[in-house]
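Trainee: model this:
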Amino acid sequence: MNDDELQQRLRAIDPASDLTPADPARVARLLEDTMNTDLTDTSTESTGPGTGPGAPGRTARRRGPLTWVVAAAAVLIAGVGVFSLLGNDPESDDVPSATGSSSASEGATTTSPTVTELGAPAAANAKCMVPNAELLSTAQVAFSGTVASVAADRVTIVPDRFYAGEPTDSVEVEAPPELMTALVGAVSFEEGQRYLVSANDGQVTVCGFSGPFSPDLEALYVEAFPG
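Mentor: Residues are numbered from 1 along each chain as shown. Below you'll find the predicted structure:
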């Protein structure tokens, strides 16, 4: 019989297996207080010179049966506490184990997708300048990405590279329908197509500084943002 089999048999016959284990320190104090308590019976016996009833001498105190009963109870409590501690063998298959939950409930935080919000520029009659790297380099936001959707008042783009500005998970261009129509006409935003887009003061730049992805426009962006 090995140690595991012995412990299983002991647990099976343990009358206090469902009880909470006693605090060992409290049990030790209980046992010490019991043994130090002077519980005597009413009978006395003569010690010293002389024998027989009434003989002179000192009266010796004897521990009464109650002392030993209480002491035995304390020892029994101590035994139950020790048995309970031994029964919780960390190597036993019966030891309850903490089960982890999903990674999300263990502290993994779920963050919302980040978004760069832009708007369409107001309509203007000014003439456009020829796109150049020097002027493009002043853009606060510049990126390449693919249009995910085009609506009456919103264009959603999934970027694949940021040349300027803080990278985000998506870019949304929102504007009243009339401005969005003009922007879509100027840049030719189409769902599923890739574009190079720049913006200043939260507004998409047009006049050739934003448009469908092409080697020439990409070279302009690389020259404007060499880093």
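Trainee: okay, now the unreliable bits of the protein?
Mentor: Confidence mapping of the chain against pLDDT under 70 gives the ranges 1, 14-24, 27-28, 30-31, 33-109, 124-126.
Trainee: just the helices in it please.
Mentor: Here the chain has its helices, by DSSP state H, at 3-13, 24-36, 65-87, 133-136, 177-187, 215-224.
Trainee: now for the fifth one, which elements pack on it?
Mentor: Using 3 or more CB pairs under 8 Å, 6 or more residues apart in numbering; DSSP states H and E as the contact criterion, the neighbours of helix 177-187 among helices and strands are strand 154-164, strand 170-174. Backbone N, C-alpha and C define where each C-beta goes, glycine included.
Trainee: of those strands, which is nearest residue 132?
Mentor: The closest of these to residue 132 is strand 154-164. By CB to CB, the value is 15.2 Å.
Trainee: just name the most buried of the helices and strands packed on helix 177-187.
Mentor: The highest mean neighbour count among these, using mean count of other CB atoms under 10 Å, belongs to strand 170-174: a mean of 20.
Trainee: can you pull the domain assignment for the protein?
Mentor: 3-41+61-87, 115-224 (automatic domain parsing).
Trainee: quick one: end-to-end length of the last one, please.
Mentor: Domain 115-224 has an end-to-end distance of 24 Å (CA to CA, to the nearest Å).
Trainee: just stretch 199-217 next, same as before
Mentor: 15 Å.
Trainee: so which of the helices and strands packed on helix 177-187 gets nearest residue 223?
Mentor: Here strand 154-164 is closest among these (CB to CB), at 10.5 Å.
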